[in-house]
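Engineer: one predicted model, sequence on top.
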Amino acid sequence: MSEPVILTVTDYLALVNKALAAVPRDLLVEGEVSDLRVSHGKWVSFDVKDEGAQAVLKCFMTAWQMHTPIEDGMRVRVSGRPTVSARFGKFQLNVDAVEPVGEGALKRAYELLKAKLRDEGVFDAGRKRPIPRFPERIGLITSRDAAAYGDFLRVLGNRWGGVRVDFTHVHVQGREAVPEILEAFAHFNRLPEDDRPDVLVLVRGGGGLEDLHAFNDEQVVRAVFQARIPVIVGVGHERDESLCDFAADMRASTPSNAAERAVPNRREVQAELEASAEFMAARLRQALAEKRHRTETAARGMAHALRHRRDDVARVLALLHERVGAWLPPLRERLAGMERLLKNVDPARVLARGYAIVRTADGTSAVLSSATGLVPGQAVSVQLARGSFDARVERAGTRRGQQSLV
Amino acid sequence: MSASKPKSFAKAFEELETVAQWFEQGDPDVDEGLKKFERGLELAAFCKAKLAEVENKVKDIEAKFYERP
């Protein structure tokens, strides 16, 4: 008989926890949630119970590990690490993952998450970015094996060409779906700005809530919301909805519709191009016609003005003729009268009667009408009707007849 | 307006829209209009040539799945 082993509580619990670590981690424990508590918005504790049976599993996890909201009465599956808490002496499951089970629980979880994200503004219309009208590069996130993949590419090719599709193959359901879709978004976000696609397209076929779980996963919804590139989401059939739809910059009703929303229809664009060229040509023709019209109007106006001027000139000329006719006879008469007058005072006519004109010969040739100032010997010039001669004053006196010429 | 060859369909179409908008103004100048019209036709021709491209290329991207915590 060996000595009993004595341990501290701490060491003993450490030993127990080591033994508990042997319990497989990938087991899923299914049961109903009760007594759910969240403290400080960080720590979440709840019980998972078997219905009817008296079996309780204490669960503990952090709020950030919980990607799907749960509530009391909800059926869930939990997985994690069983431990005995040293501080509280309590057996508990440190939960890694919790997910609702069954249509009812899923539906409820979906509604809870939807309300939470809506309150946060993740679905706000104001946050949505426009999709470029003519994308050259499209990042496609879906499964190669899904009909959605073929549908999208077929409709894309029918509508538009010259696009490069960067395709990332991901699972769209099952356990790998969420991490793979997240990684696909991370890949596109990591690209330098000038090397990014113009738009991301996330599509899959339709299905129930269970099939669409990845598209209702909080992390995936946030990845859609936070993507650095505008996102189009197209899930399933017309009536299917996922939380990714609401977070997307553009929601498409189906994968085919996602292609319709990603690229324009080449026929429509062709018609638009033609209409645009036609419009420009029409406007140009109109502008030319307007200019011609303006020029013609201006030319007509000028001709009109000229005609007007010509009439003016003619009128003035006629007036002139008329006036001249009225002025001329009196003018001629006045002229003849003046002529007569001038003839009467012509000195030549006086000389002809025997008179002479005597002028000083001192260079001024002043006509003499008085003998005053004349001195004997002074030279004078005498002009007759015919010819003239020079003379000298012999004697001068003011009395008539006293002057005598040598 | 640059008379250069457009870089992409989107750029060409955008420029064409700007040119067409210019023609919407009340009384376009004829000389300027002729230049714009010529450029517009050039852009439309470029776009039409691009429209003739039918193929879309699909390139598979291997998203690197790095370890998650």
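Structural biologist: Nice, I can see it.
Engineer: need the contact list for A:Gly73.
Structural biologist: A:Glu32, A:Val33, A:Ser34 (Cβ atoms under 8 Å, 6 or more residues apart in numbering or on different chains). Every residue, glycine included, has its C-beta placed from N, CA and C.
Engineer: tell me the predicted confidence for it.
Structural biologist: For A:Gly73, the pLDDT comes out at 89.
Engineer: so A:Arg261, which of the three states?
Structural biologist: helix (DSSP: H, G, I helix; E, B strand; the rest coil).
Engineer: SS state for A:Asn189?
Structural biologist: Per three-state DSSP, A:Asn189 ends up helix.
Engineer: doesn't A:Leu140 make contact with A:Met165?
Structural biologist: Heads up, residue A:165 is Val, not Met. Yes - A:Val165 lies in contact with A:Leu140 (Cβ atoms under 8 Å); the separation is 5.2 Å.
Engineer: the two: which has the busier surroundings?
Structural biologist: Of the pair A:Val165 and A:Leu140, A:Leu140 is the one with more neighbours under other Cβ atoms under 10 Å in any protein chain shown, namely 28 against 22.
Engineer: pull out the buried members of the contacts of A:Gly73.
Structural biologist: Among these, the ones that count as buried by 16 or more other Cβ atoms under 10 Å in any protein chain shown are A:Glu32, A:Val33.
Engineer: could I get the full set of strands for chain B?
Structural biologist: Here chain B has its strands, by DSSP state E, at B:57-61.
Engineer: residues from it in reach of chain A?
Structural biologist: Chain B comes close to chain A at residues B:8-10, B:13, B:16-17, B:19-20, B:23-24, B:27-30, B:33-34, B:36-37, B:40-41, B:44, B:47-48, B:50-61, B:63-66, B:68, as judged by Cβ under 8 Å from any Cβ of the partner chain.
Engineer: find the nearest non-adjacent residue to B:Phe9, please.
Structural biologist: Residue nearest to B:Phe9 in three dimensions, not counting chain neighbours: B:Lys50, with 4.5 Å by Cβ to Cβ, 6 or more residues apart in numbering or on different chains.
Engineer: need the contact list for the one you found.
Structural biologist: Here B:Lys50 is in contact with A:Gly162, B:Phe9, B:Ala12 (criterion: Cβ under 8 Å, 6+ apart).
Engineer: what helix or strand is the residue nearest to B:Pro28 when sequence neighbours are not counted on?
Structural biologist: Counting by Cβ to Cβ, 6+ apart, the nearest residue to B:Pro28 once its immediate chain neighbours are dropped is A:Ala287, at 4.7 Å. Using DSSP states H and E, the element containing A:Ala287 is helix A:266-344.
Engineer: still on that earlier bit, buried members of the residues of chain B next to chain A into PyMOL, please.
Structural biologist: In PyMOL syntax, the buried subset of the residues of chain B next to chain A is picked out as below (16+ other Cβ under 10 Å):
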select buried, chain B and resi 9+10+13+16+19+20+23+28+33+36+37+40+41+44+47+50+51+56+61+63
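Engineer: of the residues of chain B next to chain A, which belong to helices?
Structural biologist: B:9-10, B:13, B:16-17, B:19-20, B:30, B:33-34, B:36-37, B:40-41, B:44, B:47-48, B:50-51 (DSSP state H).
Engineer: which stretches of chain B have low pLDDT?
Structural biologist: Within chain B, the segments meeting pLDDT under 70 span B:1-3, B:63-69.
Engineer: just give me the residue closest to the centre of it.
Structural biologist: Centroid-nearest residue in chain B: B:Ala12, 1.7 Å away (criterion: Cα atoms, centre = their mean).
Engineer: before we move on, back to that, could the contacts of B:Lys50 go into JSON lines alongside distance to A:Asp249?
Structural biologist: Output for these, formatted as JSON lines (distance: Cβ to Cβ, whole Å):
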{"residue": "A:Gly162", "distance to A:Asp249": "23"}
{"residue": "B:Phe9", "distance to A:Asp249": "21"}
{"residue": "B:Ala12", "distance to A:Asp249": "25"}
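Engineer: related to what we said a few turns ago, how close does the residue nearest to B:Phe9 get to A:Arg283?
Structural biologist: Distance from B:Lys50 to A:Arg283, counting by Cβ to Cβ, to the nearest Å: 25 Å.
Engineer: got it, and A:Glu3?
Structural biologist: 107 Å.
Engineer: show me which of the two is the more surrounded one.
Structural biologist: More crowded of A:Glu3 and A:Arg283, by other Cβ under 10 Å: A:Arg283, with 19 against 5.
Engineer: please consider this matter closed, and thank you.
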